[in-house]
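**Q** Fold the following and give me the result.
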Amino acid sequence: MHEVFPLARAFAISRGSRTEARVVTATVTRGGAAGRGEGVPYARYGETASGVAAQVAGLPEDIDRGALASLLPPGAARNAVDCALWDHAAKAAGLPVWRLAGLAEPRPLTTAYTLSLDEPAAMRAAAARAAHRPVLKVKLGAEGDMPRLEAVREGAPRSALIVDANEGWSVEAYADLAPHLSRLGVAVVEQPLPAGQDAMLAEIARPVPVCADESCRDRESLPALRGLYDMVNLKLDKAGGLTEALAMRDAARAMGFGVMVGCMVASSLGMAPAVLLAQGADHVDLDGPLLLAGDRPHGLRYEGSVVHPPEAALWG
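**A** Next up is the predicted model:
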């Protein structure tokens with residue numbers, strides 16, 4: 001099922017802006033129990049809401065997690081169905097997903113809060129409104145980013161910063177900005193160069209850790225990132241669900257990568273499984289529901305920037 005959630009305000013990154021979040025919801029109903037999962041079609045990987053919904057609808061009714069990876073590629077459709085299967089298993093067993101998956105009981109997490117790409121004055125004002133939050137994620141990746149970053153720092157002088165260029169910088173632009181990142185309190189730079197051009201990161205100084213996002217999709221993408229990135233951003237919609245993302249987290253750590261767990265702009269149903277994935281992560285970016293004008297019933301509980309594990313009425 002295709003659903004639309006209006007955003008509280010327009011949200012822009014280097015590739016464009018949006019005013020709504022479009023998601024695909026999968027439901028698995030068997031034996032009197034129903035489980036749900038949510039996927040966000042990612043245009044960056046050529047996905048559309050209609051295409052993802054068709055992928056979900058084309059699966060056999062008796063699909064299980066073991067067969068899912070052989071029938072769907074990594075992406076939003078597999079994520080929605082994988083998470084729906086986990087939720088169904090939890091509802092059928094009367095046990096939480098974390099216990100079924102052999103994980104520790106999840107605890108509340110502190111999430112970054114994202115500031116949309118805009119003109120410096122608008123970003124300063126947005127940062128000032130969010131200055132009480134401990135971590136801000138700053139969308140950059142356009143001409144004039146240095147004034148934007150300085151404006152955010154002026155607006156929120158005490159918040160730690162994550163900078164996300166969304167592939168929007170050239171090598172020269174990154175080299176110009178890099179010496180100023182530590183001074184401005186930037187903790188991580190996310191995907192500064194376009195995927196496919198990131199081999200240059202092996203030759204450029206990295207004064208703060210650099211995190212792969214668009215270059216990092218599933219486990220198969222990890223080996224090529226060694227020596228280029230310090231961290232990887234794991235997202236359920238890229239990996240294709242909680243099953244692959246948990247395995248990917250273990251593989252990334254075994255390879256020496258730091259771990260960020262991020263999200264698309266989505267409802268609490270899409271965010272809930274990521275709360276399990278993000279336990280113990282170096283950085284957490286699960287603010288999607290905070291950017292919506294309205295969330296689902298039984299949505300995740302946020303206290304400032306602290307997100308609590310989901311209730312069973314929502315997921316898991």
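**Q** ranges for the helices of the stretch 51-200 of the chain?
**A** Here the stretch 51-200 of the chain has its helices, by DSSP state H, counting those that start in this stretch, at 65-71, 76-93, 97-100, 120-129, 145-155, 171-181.
**Q** packing partners for the fifth one?
**A** Judged by 3 or more Cβ pairs under 8 Å, 6 or more residues apart in numbering; DSSP states H and E, helix 145-155 is in contact with helix 120-129, strand 135-139, strand 160-164, helix 171-181. Quick note: C-beta positions are derived from backbone N, CA and C, even for glycine.
**Q** again with the shortest one
**A** Helix 97-100 is packed against helix 76-93, helix 268-277, with contacts defined by 3+ Cβ pairs under 8 Å, 6+ apart.
**Q** can you put those in JSON lines and add mean neighbour count and distance to T25?
**A** Listed next are the helices and strands packed on helix 97-100 as JSON lines, based on neighbours: other Cβ atoms under 10 Å; distance: least, Cβ to Cβ, whole Å:
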{"stretch": "helix 76-93", "mean neighbour count": "25", "distance to T25": "7"}
{"stretch": "helix 268-277", "mean neighbour count": "27", "distance to T25": "7"}
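**Q** returning to that earlier point: could you say which one of the helices of the stretch 51-200 of the chain comes nearest to P297?
**A** Minimum separation from P297 across the helices of the stretch 51-200 of the chain (Cβ to Cβ) falls at helix 76-93, 15.0 Å.
**Q** Using CSV, write out every CA atom in that closest one.
**A** Below are the C-alpha coordinates for helix 76-93, written out as CSV (Å, rounded to 0.1, in the frame of the first residue of the first chain):
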residue,chain,number,x,y,z
ALA,A,76,12.7,-0.5,-0.1
ALA,A,77,10.5,-3.4,-1.2
ARG,A,78,12.6,-6.0,0.5
ASN,A,79,12.9,-3.8,3.5
ALA,A,80,9.1,-3.4,3.9
VAL,A,81,8.5,-7.1,3.6
ASP,A,82,11.4,-8.2,5.7
CYS,A,83,10.3,-5.9,8.5
ALA,A,84,6.7,-7.0,8.1
LEU,A,85,7.8,-10.6,8.5
TRP,A,86,9.7,-9.8,11.7
ASP,A,87,6.7,-8.0,13.1
HIS,A,88,4.4,-10.9,12.2
ALA,A,89,6.7,-13.4,13.9
ALA,A,90,6.8,-11.2,17.0
LYS,A,91,3.0,-10.9,17.1
ALA,A,92,2.5,-14.6,16.4
ALA,A,93,5.0,-15.7,19.1
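**Q** D287 contacts T111, doesn't it?
**A** Yes. D287 sits in contact with T111 when judged by Cβ atoms under 8 Å, with a separation of 5.1 Å.
**Q** Those two: who's more crowded?
**A** The residue with more neighbours, out of D287 and T111, is T111; 30 against 22, by other Cβ atoms under 10 Å.
**Q** low-confidence ranges in the stretch 101-250 of the chain?
**A** Counting by pLDDT under 70, the stretch 101-250 of the chain contains no low-confidence range.
**Q** Swap in 90 and give it another go.
**A** 141-143, 175-179, 182-183, 196, 198, 200, 203-206 (pLDDT under 90).
**Q** coming back round to it: make JSON lines from the helices of the stretch 51-200 of the chain and add distance to L225 to it.
**A** Shown next, in JSON lines, are the helices of the stretch 51-200 of the chain (distance: least, Cβ to Cβ, whole Å):
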{"stretch": "helix 65-71", "distance to L225": "21"}
{"stretch": "helix 76-93", "distance to L225": "21"}
{"stretch": "helix 97-100", "distance to L225": "28"}
{"stretch": "helix 120-129", "distance to L225": "29"}
{"stretch": "helix 145-155", "distance to L225": "24"}
{"stretch": "helix 171-181", "distance to L225": "17"}
